[in-house]
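K.L.:
kindly generate the corresponding structure for this input.
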Amino acid sequence: MRMFWMLIGCLGGQFASAEEIDPYASVPHQEGAAWGKLVPLPFTELFDLPVGLVHLPDGSTLIACQRGMFYRVRLGDPSQASEGYLDFRDMMEGAVAFEDGVHGIALHPQFESNGRIFLSYSQNDPRRTVVSEMVVSLDRDFAPFRETERVIFELEQPLADHWGGQILFGPDGMLYIGLGDGGLRDDPYRMSQNLWALHGKILRIDVDREDGNRRYGIPADNPFVGMQLMREEIFASGLRNPWGMAFDPVTGYLWCADVGQDYWEEVNRITPGGNYGWSDRDGPGPLAAHPEPLLKDSVPINPVFAYTRNRGEGICIIGGMVYRGKRFPELQGSYLYGEWGFGLVEALELAEDQSEASRRTTLYRKEAEGPTFNPVFLGEDPDGELVVLSHNGSVWVLERAE
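P.N.:
From the prediction side, this is the model:
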């Protein structure tokens, strides 16, 4: 479904508006980097629609797959057979839409002492987003105890796309949840700008305590705590379909790639209480469907960078992380992101205060006769180096060019 609406958006919009408002056209673009190349790891089998990964304390990696399988691998030795770690496929029965299924995985910051693992996935009847936790055995090679699964958060979904659903823990120990606007074009229910709705938002919750009937706590410093007609879980608003969040370990900034509609794909630096415009706007430009803002006094925050479909640069952005590894000093401090539709991985060099992009470099572009490559997740290996998951099930890493 998401692919259908992306294509309709590309074909049916008023394309002139994106050309009239393009503050990012002047960012210099370098096609290709002579010092590095993206290559697939030689795993013996493809993974079934991978969507995310985390690393266990022993250096092994868990790869979460959309249709319910979780695998355990060693990225440093792909010749070893991948192990089935957790089989959630029975929970995914009936999950046939493009975005249905597992959306994310995260380990508690004190995982080595409490063994708590968190999952994000969709369910039907009723259609909803679920975030749950379960416990693994710290004494038996991190084996999961599925019977310990406990749902901590649920949100009913009006439609079957724009799920979002990525989860991650911040340096503050809180759990962040990225949620889409609920689906269809133009955010017809104005979810993203409505601060009483949780759709189209990034949420921030405390999984180490419970408040009232909630199975989680509300951090006291969340931006809307104590405010009437506003949900206290909300950390940021105005997002369409956040697809990839990451914290910069040096600055602590939260970064989020947001999939656009007709014209724009966005890279946003998220601030507490920030409104990122959708669906009053699409990228830096207005959205014709909603000429008047829903919240009269709200001031939307512009993307740090956005690229437009008008110039054929892509149709679906995938986040994304600020590179802080050691192998490629050329990338230090750059934001790395992917483009699902066009098979790209690019690096944004950022200004010193990380408020704007100063240059972008294409690290990889899918070749017509080359291997299948549609990035769905950009993350790090245990050493902080780039790992890219492709929709077809392959795993890619950045290597030094000869």
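
K.L.:
now Glu369: how far from Leu41?
P.N.:
21 Å (C-beta to C-beta, to the nearest Å). No exception for glycine: its C-beta is placed from N, CA and C like everyone else's.

K.L.:
the two: who's more crowded?
P.N.:
Legend: neighbour count by other C-beta atoms under 10 Å for Glu369 and Leu41, higher for Leu41 (15 against 4).

K.L.:
list the contacts of the more buried one.
P.N.:
Leu75, Pro78, Ser394, Val395, Trp396, Val397 (C-beta atoms under 8 Å, 6 or more residues apart in numbering).

K.L.:
ok, now with 10 Å
P.N.:
Going by C-beta atoms under 10 Å, 6 or more residues apart in numbering, Leu41 touches Val73, Leu75, Gly76, Asp77, Pro78, Ser79, Val387, Ser394, Val395, Trp396, Val397.

K.L.:
then Pro293?
P.N.:
Contacts of Pro293 (C-beta under 10 Å, 6+ apart): Gln193, Asn275, Gly277, Ser279, Asp280, Arg281, Pro286, Val299, Pro300.

K.L.:
redo that, cut-off 7 Å
P.N.:
If you count contacts by C-beta atoms under 7 Å, 6 or more residues apart in numbering, Pro293 has them with Asp280.

K.L.:
most centrally placed residue in the protein?
P.N.:
The chain has Gly244 as the residue nearest its centroid, 1.6 Å off, counting by C-alpha atoms, centre = their mean.

K.L.:
now that residue, nearest residue through space, not along the chain?
P.N.:
Distances taken as C-beta to C-beta, 6 or more residues apart in numbering put Gly319 closest to Gly244, at 2.3 Å, once the chain neighbours are dropped.

K.L.:
what's the burial count for the one you found?
P.N.:
The burial count for Gly319: 27, using other C-beta under 10 Å.

K.L.:
doesn't Phe247 make contact with it?
P.N.:
No: counting by C-beta atoms under 7 Å, Gly319 does not reach Phe247; the two are 11.5 Å apart.

K.L.:
isn't Val259 right up against Gly244?
P.N.:
No: Val259 lies out of contact with Gly244 (C-beta under 7 Å); the separation is 9.4 Å.

K.L.:
what about Glu330, which SS state?
P.N.:
Secondary structure, DSSP: H, G, I helix; E, B strand; the rest coil: Glu330 is helix.

K.L.:
ok, now which ones touch it?
P.N.:
Counting by C-beta under 7 Å, 6+ apart, Glu330 has contacts Trp35.

K.L.:
for Arg360, same thing?
P.N.:
Contacts of Arg360 (C-beta under 7 Å, 6+ apart): Val27, His29, Glu346, Ala347, Leu348.

K.L.:
report the secondary structure state of it.
P.N.:
Per three-state DSSP, Arg360 ends up strand.

K.L.:
who does it form a beta bridge with?
P.N.:
His29, Leu348 (DSSP bridges).

K.L.:
can you list the weak-confidence ranges in this protein?
P.N.:
1-20 (pLDDT under 70).

K.L.:
which strand in it has the most residues?
P.N.:
Longest strand in the chain by number of residues, with DSSP state E as the criterion: strand 144-156.

K.L.:
quick check: His290 touching Asp282?
P.N.:
No: taking contacts as C-beta under 7 Å, His290 lies outside contact range of Asp282: 9.8 Å.

K.L.:
returning to what we had before: show me which of the contacts of Leu41 is closest to Gly164.
P.N.:
Ranked by distance to Gly164 (C-beta to C-beta), those are led by Val387 at 21.1 Å.

K.L.:
A strand includes the closest one, no?
P.N.:
Yes: remark: Val387 belongs to a strand, assigned using three-state DSSP.

K.L.:
which residues sit against stretch 192-210?
P.N.:
The contact list for stretch 192-210, computed with C-beta under 7 Å, 6+ apart, reads 133, 152, 155, 174-182, 187, 191, 216-219, 222, 224, 229-231, 233-240, 242, 256, 270, 278-280, 294-295.

K.L.:
quick one: buried ones out of those?
P.N.:
Neighbour counting with 16 or more other C-beta atoms under 10 Å marks 133, 152, 155, 174-182, 187, 191, 216, 218-219, 222, 224, 230-231, 233-240, 242, 256, 270, 278-280, 294 as buried within the contacts of stretch 192-210.

K.L.:
who's in contact with Trp35?
P.N.:
Glu330, Arg400, Ala401.

K.L.:
could you check how far the first one is from Ala401?
P.N.:
Plainly put, Glu330 is 11 Å away from Ala401 if you go by C-beta to C-beta.

K.L.:
surely Gly59 touches Asp381?
P.N.:
No: judged on C-beta under 7 Å, Gly59 makes no contact with Asp381 at a distance of 9.5 Å.
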